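Student: below are the sequence and a predicted model for it; my questions follow.
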Amino acid sequence: MSENLLEVAGLNKRFGSVIVAQSLFFHVRKGEALGIVGPNGAGKSTLLNLINGHETLDSGALNFDGKALNTLSSSQRSKLGITRTFQIPRPFSGMTVFENVLVATNFAPEKLNSKQRQQRALDAIERTGLGKYMNTPAGKLRLLDRKRLELSRAVATNPRLILLDEIAGGLTDTELPILINIIKQMKSEGVTIIWIEHIVHALVSVVDRLMCIAGGNVIAIGEPRAVLADPKVIELYLGDDFEIAGQ
Amino acid sequence: MVILELENVEAHYGDLQALFGISLSLQKGSVHSVIGANGAGKSTLLKVIAGSMQPTAGRVIFNGLDLKKVSGFQRVKSGISLVPEGRRIFPSLTVEENVKVGAYAKRVGYWNADTVRTLYPLIADRWSRLGFHCSGGELQMIAIARALMANPDLLLIDEASLGLAPIVVAQVYESLSQIVAQGTSVLLVEQNVSQALKTSTTASVLLEGRAVLTGKSDELSHEAIKNAYFGIGVA
């Protein structure tokens, strides 16, 4: 059996004249954390949408643990163990934390009875440190706790692959390590992670490999610091003639 | 002489803090560039200075005046003009109308419809064309021309080069030196780091809402900028 959980082969996607994925090839190994960076409009969030089925491919193949994803809906992919969080948390604001997470258990791969679903929700909430807000309406949570709730909902589906979309944005210096620890804990439990993030130091503290994309192409992929030092990545971020007197 | 001084400025979007204790000062007649990755807080900083967003802490002092109770409109009258990201040109107005919209503050100075046409011959040639039909480069020139019509002492430019062809970027940056020569100070937000550093006297790197590196543009090392930009040591 392949050690790759996700294989992306020749992925193409465009919106009109805008190319967001151009013959993309990469893989993610089981239990691995892959970080994705790239400028605005690089196609990062769209890539997550293609993997979890929110968007359909123009062409190419997506395989998850050997199974073709191309024709599966988002909910079918969730049942296989693929889940995602969104850049802007979107909980049901009038429902409590517990109720929000309970809804997510409907999309777990295994069939759960009512009691099991409740236990799964409680476990997910505890794992992300939201226990004391169990009965708090989601609309009253502060930003860090809304992000924790986003993670709780994802964890409640018992994911094998979790797609994180800029989950660290806007957190304070004290909040960021809390979130990073939750993600590290998930990784240590064997969950495979693909994480898009602009806060590079947060990303690098967790991921095994980093991929930089732009214009729908892979610019560099590999060991995180090596990718950040890659001249093509530096050029992409800092300009094509980045030379300063005094260096 | 200092034209703009920021003292420990903080700003929030709801409970999301976008700026953390930003302090910087801009000398009259100079260009200061603010660089940083997406989400670093660059545009928020300009909004706070222009008055379209209120800081939650700290002070913005312009020409010695604390701007706390000064509205965005009054700031234009005081001499601050913003060239917003995305240019925000009225598509159904002509180039001429778009440019003249900027004169509503009625500040007297070097800049008027004739001098901005001389600065940007390209838009002079399109004077009667609708904004809708203008190219990205033309729109950027219209946006700067509109801001100049208020004869600002301080020009704030949000992403001067974003989405423009290299030749147009060169034209826009060349025009900045002419603008500064007329006595206007410039605070420039840019993702194109090399271009920004070449143009500015001083620069700051923002990272997650904090000014992590500030100095003279020609003295900041390649290494220090890379590390500040990414927030980690990059070999």
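Tutor: Cool, the structure landed.
Student: so where is the chain shaky, pLDDT-wise?
Tutor: No chain specified, so I'll use chain A. Flagging of chain A using pLDDT under 70 yields the residue ranges A:1-2, A:240-247.
Student: oops, I was thinking of chain B
Tutor: B:164, B:233-235.
Student: which stretches in it count as strands?
Tutor: B:2-13, B:16-27, B:31-35, B:57-62, B:65-66, B:80-83, B:154-158, B:185-190, B:202-207, B:210-216 (DSSP state E).
Student: show me what counts as buried in stretch B:156-172.
Tutor: Within stretch B:156-172, the residues scored as buried using 16 or more other Cβ atoms under 10 Å in any protein chain shown are B:156-162, B:164, B:168-169, B:171-172. All C-beta atoms are positioned from the backbone trio N, CA, C, and that covers glycine.
Student: I'd like these written out as CSV, with distance to chain A added.
Tutor: As requested, the buried residues of stretch B:156-172 are exported to CSV (distance: Cβ to the nearest Cβ, whole Å):
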residue, distance to chain A
B:L156, 20
B:I157, 17
B:D158, 13
B:E159, 10
B:A160, 13
B:S161, 9
B:L162, 9
B:L164, 13
B:V168, 15
B:V169, 10
B:Q171, 17
B:V172, 15
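Student: for A:G215, which of the strands of chain B is the nearest?
Tutor: Nearest to A:G215, of all these, is strand B:185-190, at 19.8 Å by Cβ to Cβ.
Student: relative to chain B, which residue of chain A is the closest?
Tutor: A:G239 (3.4 Å; Cβ to the nearest Cβ).
Student: so who does the closest residue to B:A57 other than its chain neighbours touch?
Tutor: Spatial nearest neighbour of B:A57, excluding adjacent residues (Cβ to Cβ, 6 or more residues apart in numbering or on different chains): B:E10 at 4.1 Å. B:E10 makes contact with B:17, B:19-22, B:55-58, according to Cβ atoms under 8 Å, 6 or more residues apart in numbering or on different chains.
Student: same thing with B:V76?
Tutor: With Cβ under 8 Å, 6+ apart, B:V76 has these contacts: B:105, B:150, B:152.
Student: next: A:W195.
Tutor: By Cβ under 8 Å, 6+ apart, the neighbours of A:W195 are A:33-36, A:163-164, A:167, A:183, A:203, A:206-207.
Student: please pick the buried ones from these.
Tutor: Neighbour counting by 16+ other Cβ under 10 Å classes A:33-36, A:163-164, A:167, A:183, A:203, A:206-207 among the contacts of A:W195 as buried.
Student: need those in JSON lines with secondary structure and distance to B:Q27, can you?
Tutor: Shown next, in JSON lines, are the buried ones among the contacts of A:W195 (DSSP: H, G, I helix; E, B strand; the rest coil; distance: Cβ to Cβ, whole Å):
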{"residue": "A:A33", "secondary structure": "strand", "distance to B:Q27": "46"}
{"residue": "A:L34", "secondary structure": "strand", "distance to B:Q27": "45"}
{"residue": "A:G35", "secondary structure": "strand", "distance to B:Q27": "40"}
{"residue": "A:I36", "secondary structure": "strand", "distance to B:Q27": "40"}
{"residue": "A:L163", "secondary structure": "strand", "distance to B:Q27": "47"}
{"residue": "A:L164", "secondary structure": "strand", "distance to B:Q27": "43"}
{"residue": "A:I167", "secondary structure": "coil", "distance to B:Q27": "40"}
{"residue": "A:I183", "secondary structure": "helix", "distance to B:Q27": "44"}
{"residue": "A:L203", "secondary structure": "helix", "distance to B:Q27": "37"}
{"residue": "A:V206", "secondary structure": "coil", "distance to B:Q27": "42"}
{"residue": "A:V207", "secondary structure": "coil", "distance to B:Q27": "42"}
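Student: in the sheet, who's paired with the nearest residue in space to A:F86 that is not next to it in sequence?
Tutor: Once flanking residues are discounted, A:F86 sits nearest to A:D165: 5.7 Å by Cβ to Cβ, 6+ apart. Applying DSSP bridges to A:D165 gives these bridge partners: A:I196.
Student: how about the strands in chain A?
Tutor: A:4-15, A:18-29, A:33-37, A:59-64, A:67-68, A:82-84, A:161-165, A:192-196, A:209-214, A:217-222.
Student: given the first one, what are its sheet partners and their directions?
Tutor: The partner list of strand A:4-15 in its sheet, established with DSSP bridges, is strand A:18-29 (antiparallel), strand A:59-64 (antiparallel).
Student: what are the contacting residues of it?
Tutor: A:19-32, A:43, A:46-47, A:50-51, A:55, A:57-65, A:160-161, A:192, A:194, A:216.
Student: which among those end up buried?
Tutor: Buried among the contacts of strand A:4-15 by 16+ other Cβ under 10 Å: A:19-22, A:24, A:26-28, A:30-32, A:43, A:46-47, A:50-51, A:55, A:57, A:60, A:62-65, A:160-161, A:192, A:194, A:216.
Student: check chain B for the residue nearest chain A and tell me.
Tutor: B:S194 (3.4 Å).
Student: that residue: neighbouring residues, count only.
Tutor: 18 (other Cβ atoms under 10 Å in any protein chain shown).
Student: I figured it hits A:G239, correct?
Tutor: Yes: using Cβ atoms under 8 Å, B:S194 is in contact with A:G239, at 3.4 Å.
Student: check contacts around A:C212.
Tutor: Contacts of A:C212 (Cβ under 8 Å, 6+ apart): A:36-38, A:218-221, A:227, A:230, A:232-233, A:236.
Student: hey, which helix is longest across chain B?
Tutor: Counting residues, the longest helix found in chain B (DSSP state H) is helix B:166-181.
Student: who are the packing partners of that helix?
Tutor: helix B:113-119, helix B:136-148, strand B:185-190, helix B:193-199 (3 or more Cβ pairs under 8 Å, 6 or more residues apart in numbering or on different chains; DSSP states H and E).
Student: the inter-axis angle of the third one versus strand B:16-27?
Tutor: Same thing as strand B:185-190. 140 degrees (axes from the mean of the first three to the mean of the last three Cα atoms, to 10 degrees).
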